[in-house]
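sequence below, structure please.
(one chain, ligands or ions: 1)
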Amino acid sequence: MSYTTGEKSGKDKYKCTKCREIVVLDDTTDTLHPCLTCDNTEFKK
Ligand SMILES: [Zn+2]
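Model prediction:
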């Protein structure tokens, strides 16, 4: 399953599908933001 920028996908770690950078959401109200490294908008857990 993949996740896109803007989703409130819940507390977890998400891996950028392009550069494999890890984005961490530490609150259930956080929304997934574009990858800080490559600006990609698709992530996987
Ligand atoms: Zn990236």
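
enumerate every residue touching P34.
Counting by Cβ atoms under 8 Å, 6 or more residues apart in numbering, P34 makes contact with 5, 40-41. C-betas here are computed from N, CA, C, even on glycine.

contact residues of the chain facing the ion?
Counting by Cβ under 5 Å from the ion, the chain comes close to the ion at 16, 18-19, 21, 35, 37-38, 40.

hmm, 8 Å instead?
16-21, 35-40 (Cβ under 8 Å from the ion).

identify those among those that sit within helices.
Applying DSSP state H to the residues of the chain next to the ion, no entry is found in helices.

redo those as a markdown table? Include pLDDT.
Listed next are these as a markdown table, based on pLDDT from 0 to 100:
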| residue | pLDDT |
| --- | --- |
| C16 | 98 |
| T17 | 98 |
| K18 | 98 |
| C19 | 98 |
| R20 | 97 |
| E21 | 97 |
| C35 | 97 |
| L36 | 95 |
| T37 | 97 |
| C38 | 98 |
| D39 | 97 |
| N40 | 98 |
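
can I get those in TSV including neighbour count?
Formatted as TSV, the residues of the chain next to the ion follow (neighbours: other Cβ atoms under 10 Å):
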residue	neighbour count
C16	20
T17	15
K18	14
C19	12
R20	11
E21	14
C35	22
L36	11
T37	12
C38	13
D39	11
N40	15
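
now D12: phi and psi?
Here is the backbone geometry of D12 (degrees, to the nearest 10): phi -180, psi -180.

and the strands in this protein, which stretches?
Per DSSP state E, the chain carries strands over the ranges 2-4, 12-16, 22-25, 42-44.

ok, which of those comes nearest T31?
Proximity to T31 (Cβ to Cβ) singles out strand 22-25 among those, at 8.0 Å.

what packs against the closest one?
Helices and strands touching strand 22-25, by 3 or more Cβ pairs under 8 Å, 6 or more residues apart in numbering; DSSP states H and E, are strand 12-16.

can you list the buried residues in the strand it packs on?
Applying a neighbour-count criterion of 16 or more other Cβ atoms under 10 Å, one finds 14, 16 buried in strand 12-16.
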